[in-house]
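# okay, sequence plus prediction incoming.
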Amino acid sequence: MRVVIVGGGFGAVQFAKTLRRKLPASECEILLFNRENHMVFHPLLADVAGASINADAAAAPLRQMLPGVGCRTERVQRIDLHASEIEFDDGNGALTRLPYDHIVIACGAESNLGIIPGMTEHAFPFKVMRDAIDLRQHVVRQMEQAEACSDPDRRRWFLNFIIVGAGFSGVEVAGEINELVRSSTRFYRNFRKEDVVVTLVHSQDQILPEVAPKLREFARKKMEKAGITILLNTRAVAATHKGIELNNGRMLAGATIVCTIGTAIAPLVQNLDVPKERGRIRTAPEMRIEGQTNAWAVGDCALIVNTFDNKPSPPTGQFAERQGRQAALNLVRILKGEPTQPFRFKALGQLCSIGGYQAVAEMLGVHISGFLAWFLWRGVYLFKLPTWSRRIKVALDWAWDVLFPRDLSFLSTDSTQNVTHAYYLPGDYIHRQGELARTFSIIEEGEVEALKMTRQNPEPQIVAVLSKGDFFGESTLMGDHPHETTVRARTVVRLTQIGSGLFSQLAGASAPLRDLLSRTLSRRSGDFWRRLPLAKSLLSDEPLASLLDPLPAKTLSKDTTFADAVAALNESPAGGLLFLDEKQCLWGTLDRNDLYDMIARIAVIPIESRGDITQRKVSELLLTNPLYVSLDDSAVAATATMLDHGISWLPVIHSKDDLRPVGYLRGERIGNRIIQKIAHTEADHAKVAS
Ligand SMILES: Cc1cc2nc3c(=O)[nH]c(=O)nc-3n(C[C@H](O)[C@H](O)[C@H](O)COP(=O)(O)OP(=O)(O)OC[C@H]3O[C@@H](n4cnc5c(N)ncnc54)[C@H](O)[C@@H]3O)c2cc1C
């Protein structure tokens, strides 16, 4: 008989151990598939992030923990419950199918930062070992940056640490970061303990909602005394490179954001066609999946009712372990033809460390807080660790931590070789004129404006608008000089940013990319204005409204059919069309290039599902995010935007808050206006001369 276990956390390991003890290898082959070759002991992740233990002490190698169990690191891609087979990548690019007699799904849950805009780009998740290691490196790097920084505001920013969510993991990680940074200030000269700010942001009116009110209160007071600022009834609504925006409109600045809220269902579970509740697999009380005879689910991915209190089990390691053990015993009972037992477990208690050798504990109904609770916390977790070698390793690390300062070494990674993502709110500066270039940025979503100051005109002027698919930063990186313009977000903006080192390698290795960049450079408005400075000065006092072509008498909606849009494009004097949404706001634009893109997109739709393309709505085929300027932009900025994009027409809207179009600009009209003005200027000169 073959039993396949998917996952290698608390539930899976306990299932495998119990089953191996009960059934000899000759009777049953047990195969455990876990993406990592180790089990992560989550309760110790905060200690890893706070540098009080080393990462390897909180990760136990599965094959050493589970003798007699086949441990595999392939990711299971699919489970075919009808055929009783799993599908996984064999490492050579092919999918392998493997039959089983029983399967146990214990693949946990994943973190999901996508619930708050900008978190994915700017916050650290706190779920897997890599998160804790990266966070530790980052925290130490912030101290080094603060030490080197001469600007007091920026130094404060490096020393501001924000933790979102005050459940167990948020409280533990806030306590650990606070302890690490404050206890390390004595090794730095440029900042003191008082400069460090650790803020815990929580949407409810109490931290640690799972523990007794008295202990919660104790934890809050102790943490505040240790210097942690706790913001209750406060929600993070967005994260940017500057910090987080709160629901009360306040901006909380900080170079470090840790997001401990937000979970997502594991993709394997998402794709499984079984009864689910809030994404978790529903099981019978014995833990077989509802409607299945040989498929089981335990741990965070499963919704298992605890018959002790008839409530769904909470997603904790304590419960996952018990479920794993009892599910294995139930499988043995089934094999022996005995009746199964429903899941029943009385939780032993709660333990939470709050930093500074303090903790709160609720054990078998007894409440303990302070140093004694902290000692208990450490003792309990030490003995919960899966192997004796781990226990000794962690005990030595903890003893070291009590006697000696925390380890401040970090492996520096070359940030110039990275690809990262960034999220900006309207008005945020992406870089400023005169700063050194670090990244090449590609706009994934939104619109930015480039502003320029000159000695003659110290007030920044908008010189171009860039939108989705555009890029910037290349001229500075290729020319190795500081930024010539400031770039600011006009709307919410998402960027992909390529570090300067990686960008140079890419541009060096790829001739077509180099070619595209140099063509963009020469097309960009800076070059045009340099060649024709008079045109810029003539346009600078020209109101944008005087250059507008009126909107066509009949405007098109985004529900216009493809056939009607093509016919209208043929008739359009501008060579482009505007489409409006229900509120009469600009929804999209279409010119010849967009038409080619649409045709390319149609070509990849399978013939059988294409239907009558001519009758498909434009909104189904056209990508939105149109480029436009508003009436409050200058004629120079609008012209530069057209030059930068190599386009001959551009829609104009009322304002950034009112997206109703008022007309459009055409290159020919702008050119005519410049020529008229030059002619006037020359005539005036001639008059003066005569
Ligand atoms: C920071 C933190 C602190 C915590 N502290 C506590 C605490 O103090 N006490 C407590 O009781 N609980 C705590 N928890 C919760 C506890 O860790 C979880 O409830 C527990 O880990 C759930 O166990 P599990 O077996 O369901 O899954 P997990 O432990 O999450 O393990 C799932 C495993 O499945 C693997 N996997 C997923 N998909 C696939 C696939 N397709 N193929 C192969 N492998 C796959 C994953 O890589 C992972 O290793 C904490 C959690 C966190 C994040």
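Looks like it came in fine.

# from now on I want contacts and neighbour counts done on CA atoms only, so please keep to that.
Fine.

# longest strand anywhere in this structure?
Determined from DSSP state E, the single longest strand within the chain is strand 658-666.

# quick check: phi and psi on residue 403?
Note on residue 403: backbone dihedrals following degrees, to the nearest 10 are phi -90, psi -30.

# what residues does this protein put near the ligand?
When proximity is defined by Cα under 6 Å from any ligand atom, the chain lies next to the ligand at 6-12, 33-36, 42-43, 45, 75-77, 106-109, 126-127, 169, 266, 268, 299-301, 315-318, 320.

# what's the nearest residue to residue 86 if we skip its chain neighbours?
Using Cα to Cα, 6 or more residues apart in numbering and skipping residues adjacent in sequence, the residue nearest residue 86 is residue 79, 4.5 Å away.

# can you check residue 619 too?
Distances taken as Cα to Cα, 6+ apart place residue 558 nearest to residue 619, at 5.3 Å, with adjacent residues excluded.

# what about that neighbour, neighbour count?
As a burial measure, residue 558 scores 20 neighbours (other Cα atoms under 10 Å).

# contacting residues for the residue lying closest to residue 649 once chain neighbours are set aside?
With Cα to Cα, 6+ apart as the criterion, residue 649 has its nearest non-adjacent residue at 4.5 Å, and that residue is residue 666. By Cα atoms under 8 Å, 6 or more residues apart in numbering, the contact set of residue 666 is 548, 549, 574, 648, 649, 650.

# isn't the fourth one up against residue 667?
To tie it back to what came earlier, the one meant is residue 648. Yes - with contact defined as Cα atoms under 8 Å, residue 648 counts as touching residue 667 (4.9 Å).

# look up the pLDDT of residue 533 for me, please.
Residue 533 carries a pLDDT score of 69 in this model.

# let me fix that: residue 318
Value listed for residue 318 in the pLDDT field: 90.

# just the buried residues of the helix or strand containing it, please?
Element membership for residue 318, per DSSP states H and E: helix 317-336. Buried positions in helix 317-336, judged by neighbour count with 16 or more other Cα atoms under 10 Å: 317-332.

# and if you look at stretch 31-47?
Applying a neighbour-count criterion of 16+ other Cα under 10 Å, one finds 31-34, 36-47 buried in stretch 31-47.

# got it, and stretch 492-512?
Within stretch 492-512, the residues that count as buried by 16+ other Cα under 10 Å are 492-504, 507.

# off-centre distance for it?
Mean C-alpha position of stretch 492-512 versus that of the full chain (Cα atoms, centre = their mean, to the nearest Å) differs by 20 Å.

# contacting residues around that stretch?
Contact with stretch 492-512 is made by 415-426, 437-448, 477-478, 513-514, as judged by Cα under 8 Å, 6+ apart.

# let's see 7 Å
415-426, 438-447, 477, 513-514 (Cα atoms under 7 Å, 6 or more residues apart in numbering).

# equivalent analysis for stretch 437-457, please.
Here stretch 437-457 makes contact (Cα under 7 Å, 6+ apart) with 416, 459-474, 476-477, 482-483, 485-500, 503.

# okay, how far is it across it, tip to tip?
23 Å (Cα to Cα, to the nearest Å).

# what does stretch 62-73 give?
10 Å.

# buried residues, that stretch. List them.
Buried positions in stretch 62-73, judged by neighbour count with 16+ other Cα under 10 Å: 62, 63, 66, 68, 69, 71, 72.

# between those, which sits nearest the ligand?
Here the nearest of those to the ligand, counting by Cα to the nearest ligand atom, is residue 72; it sits at 8.5 Å.

# what's that closest one in contact with, if anything?
By Cα under 7 Å, 6+ apart, the contact list for residue 72 reads 32, 33, 34.

# run the last query once more with 6 Å
residue 33 (Cα atoms under 6 Å, 6 or more residues apart in numbering).
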